Each structure stands twice: as C-alpha cells, then as structure tokens.
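K.L.:
sequence and predicted structure below; questions after.
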Amino acid sequence: MIEFKLVSKNDLEIVKNIAVKAFKADLEKYGSMPPGIEGIQWHEEKINDGNYYKILFDDQIVGAMKIYDKDNGHFHLGALFIDPIFQNQGVGSEAMYFLNKTFNQAGRWTLDTPYKNYRNHYFYEKHGFKKIDEFKPESDKAFTLYLYEKK
C-alpha cells in the first residue's frame, strides 16, 4: 500500500539518503544533483515551509516530494524522488494521483527536470505535462533544465 504523509524531523536522514540514491544517476550524467539536496539542511528547510511529503510503500519511506504553492492556483512540483529500488512499481504514478486529488484547486502545475533525463520526460508527459521552455539555472550555467506545465 502506498501512502503520503508530511515529512517530520525524524524522517530527515532517511529522506536525505533516498534523495542521494535517487539523484545518483544525475550526478554521474551531469556532474551535479539538485543543489543542497545531499544535506540535511535542504530537507529541513522543505519541512519548515510546508507541503513536503514522504512516500511510504508498506510503511517504509521510499521517496518524497516537495510542492510549492505559487498562488492563484499555480503549484510547482519542486522535487519528486523515489528510491531506485522502488522505481517502475507505480509509486511515481500514485504520487501524481495524490497531487491531483490533494491539490484539486490547482489550475496550473509546473516542474523542471534535466534536459537529458528522457525517462522523466516520458513520465511527466504520460501524466499530462507539456514541455514549455528550457533554461539554465543560476547555479550551473552549463546545465539545461526543461520546464514542464500542466493545466
């Protein structure tokens, strides 16, 4: 059974370790992962500003996701990561269903993902997102992210 609950301070080490495992492929492919995600402080900050959910599979934390309320019905999926051991088992799709149900007031969703992460592109497009832009983040001008949107 897959459940979603807010991340607590007691979960920080587990969630951080899963993030590092989940973004290891990005580190190998691009030489970096989302800035700060490998540190406890990043995850603690996400708890403090709300909407940071752990993903539980049979009561075991297997991932997490961070949602930002941008106002006026616009929400941004800032992070969604799942332990590689639990990928391809419907966990990500359940997370997308949870977002749609929990944030049913959303008129617009956005997210960004690395330009060569074709698996992510397929996943998000399967869930109704469309690529609308490309940009280089301030933290790494040699790196490109694709911006996706769902209305």
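P.N.:
Good, I have the coordinates. Numbering: from 1, shown residues only.

K.L.:
quick one: distance of stretch 138-151 to the chain centre.
P.N.:
In terms of CA atoms, centre = their mean, to the nearest Å, the centre of stretch 138-151 is set 14 Å apart from its chain centre.

K.L.:
mind listing the helices for this structure?
P.N.:
Under the criterion DSSP state H, helices of the chain are mapped to 12-22, 24-30, 40-48, 91-102, 118-126.

K.L.:
any idea which of the ones you listed gets closest to residue 69?
P.N.:
Ranking the helices of the chain by proximity to residue 69 (CB to CB) places helix 91-102 first, at 11.7 Å. For every residue, glycine as well, the C-beta is placed using N, CA and C.

K.L.:
now that closest one: average pLDDT?
P.N.:
Helix 91-102 carries an average pLDDT of 96.

K.L.:
same check on stretch 130-140?
P.N.:
Mean pLDDT, stretch 130-140: 87.

K.L.:
pull the residues that contact that stretch.
P.N.:
By CB atoms under 8 Å, 6 or more residues apart in numbering, the list of residues contacting stretch 130-140 from outside reads 32, 35, 112, 115, 121, 125, 142-150.

K.L.:
least confident of the residues you listed?
P.N.:
residue 142 (67).

K.L.:
which ones are touching residue 110?
P.N.:
Per CB under 8 Å, 6+ apart, neighbours of residue 110: 70, 74, 75, 76, 77, 147, 148, 149, 150.

K.L.:
correct me if wrong: the last one contacts residue 126.
P.N.:
No. Residue 150 sits out of contact with residue 126 when judged by CB atoms under 8 Å, with a separation of 11.3 Å.
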